[in-house]
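Okay, sequence plus prediction incoming.
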Amino acid sequence: MPPNDNILLKLREIKESLTPVEKLIAEYILENTYEIPSLSIKELAIRSKTSDASVLRFCKTIGYKSYREFIVSISTSLGSMDEEETDQYTDIQPGDDLQTIINNISLNNCKSIEDTLKVISRSEIEKAVELLIKTQKIDFYGIGASGLVCMDAQQKFMRINKMCHAYTDSHSQLTAATLLKKGDVAVVISNSGKTVEILDALEVAKKMGASVIAITRYSKSYLAEGADVVLNISTPEVTIRSGAMGSRIAMLNTIDILFAGVASAEYQNVRKYLSKTHNIILNKQRN
């Protein structure tokens, strides 16, 4: 597990994708977090109405070698919660005044980035950057708000002379995926990881031999299971999320990380492209 990993955030994100028994354990932990560090395996099993063996399997499922390692991580996460208890997601309520909306939306967006930092894997980022460095062709697939993130990614990576394109509808995604080959990279973006059109494109891209990088909230989803690299995001659980605000901000931040990682690693090669694209736009603005 990465040093900055917050297991409570991770449980919140993967809860719906766990098995029924694992979900019982996860729900009990999330509802009774402060008592968990003092519980033995048997006590947690009894209170979650499962078994000792189920608790051990649960720990391994979420990435821990032992129950003790899991408890240490829970304690660490609780310490972080104590430091940040005043900085929680706040939903927008009907009739809220404009200043409250300004404050809450801004704080929620900041927290989406902060929480994503706690669940995203550095090793997976390294793998993604390596794939993007080696390839000359990148497809970005996303629908709705995720499609907007794809368009932002295209604008960034084309500046460093990567052949790339954003595909934001199902027909164009399938057509583009059919033309992929080994060595190409498809970056597939979906908050839920279960959008049917996205999964269709994923299947075709893999069949063609391309590498797939997934940006998604759920690490146990069809998208995550089918991808070569999975970059997890964290988003708020609030009811008014017009335009998928939290997930969009977290996804845009992840794209920025990938772009900066590639540009930094290849700076000697890409700086001429960054300079040329900057200068042409600057000259047009002056004319």
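All right, it came through fine. Residues are numbered from 1 along each chain as shown.

can we go C-alpha only for contacts and neighbour counts from here?
Noted.

who's in contact with residue 76?
residue 6 (C-alpha atoms under 8 Å, 6 or more residues apart in numbering).

tell me the mean pLDDT over the helix or strand harbouring it?
Per DSSP states H and E, residue 76 falls inside helix 67-84. The predicted model gives helix 67-84 an average pLDDT of 78.

Next, the angle helix 67-84 makes with the helix or strand just after that helix.
Where DSSP H and E defines the elements, the next helix or strand beyond helix 67-84 is helix 98-119. Angle of helix 98-119 versus helix 67-84, following axes from the mean of the first three to the mean of the last three C-alpha atoms, to 10 degrees, is 150 degrees.

From the contact counts, what lies against the next helix or strand after helix 98-119?
Scanning forward in sequence from helix 98-119 by DSSP H and E, the next helix or strand is helix 122-134. In terms of contacts (3 or more C-alpha pairs under 8 Å, 6 or more residues apart in numbering; DSSP states H and E), helix 122-134 is packed against strand 229-232, helix 245-265.

strand partners of the next helix or strand after helix 122-134, parallel vs antiparallel please.
Downstream of helix 122-134, the first helix or strand assigned by DSSP H and E is strand 137-141. Using DSSP bridges, the strands paired with strand 137-141 are strand 163-167 (parallel), strand 185-189 (parallel).

So what's the gap between strand 137-141 and the chain middle?
17 Å (C-alpha atoms, centre = their mean, to the nearest Å).

With stretch 146-157 instead?
The answer for stretch 146-157 is 15 Å, by C-alpha atoms, centre = their mean.

going forward, begin numbering at 9 instead of 1
Happy to do that; since the first residue is 9 now, the last one works out to stretch 154-165.

Can you show me the CA trace of it as PDB?
Taking C-alpha atoms only, stretch 154-165 is exported to PDB below (Å, rounded to 0.1, in the frame of the first residue of the first chain):
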ATOM      1  CA  SER A 154     -15.500  12.300 -18.800                       C
ATOM      2  CA  GLY A 155     -15.500  13.400 -22.500                       C
ATOM      3  CA  LEU A 156     -14.600  16.900 -21.500                       C
ATOM      4  CA  VAL A 157     -11.600  15.500 -19.600                       C
ATOM      5  CA  CYS A 158     -10.600  13.700 -22.800                       C
ATOM      6  CA  MET A 159     -10.700  16.900 -24.800                       C
ATOM      7  CA  ASP A 160      -8.500  18.600 -22.200                       C
ATOM      8  CA  ALA A 161      -6.000  15.700 -22.400                       C
ATOM      9  CA  GLN A 162      -5.900  15.900 -26.200                       C
ATOM     10  CA  GLN A 163      -5.100  19.600 -26.000                       C
ATOM     11  CA  LYS A 164      -2.200  19.000 -23.600                       C
ATOM     12  CA  PHE A 165      -0.600  16.000 -25.300                       C
END
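
And for residue 54, the neighbour number?
As a burial measure, residue 54 scores 12 neighbours (other C-alpha atoms under 10 Å).

got the contact list for it?
Residue 54 neighbours (C-alpha under 8 Å, 6+ apart): none.

That one and residue 33, how far apart?
Using C-alpha to C-alpha, to the nearest Å, one obtains 10 Å as the distance from residue 54 to residue 33.

Just confirm residue 220 is within a strand.
Yes. The assignment for residue 220 is a strand, going by DSSP: H, G, I helix; E, B strand; the rest coil.

Surely it touches residue 237?
Yes. In terms of C-alpha atoms under 8 Å, residue 220 counts as a neighbour of residue 237; the distance is 6.6 Å.
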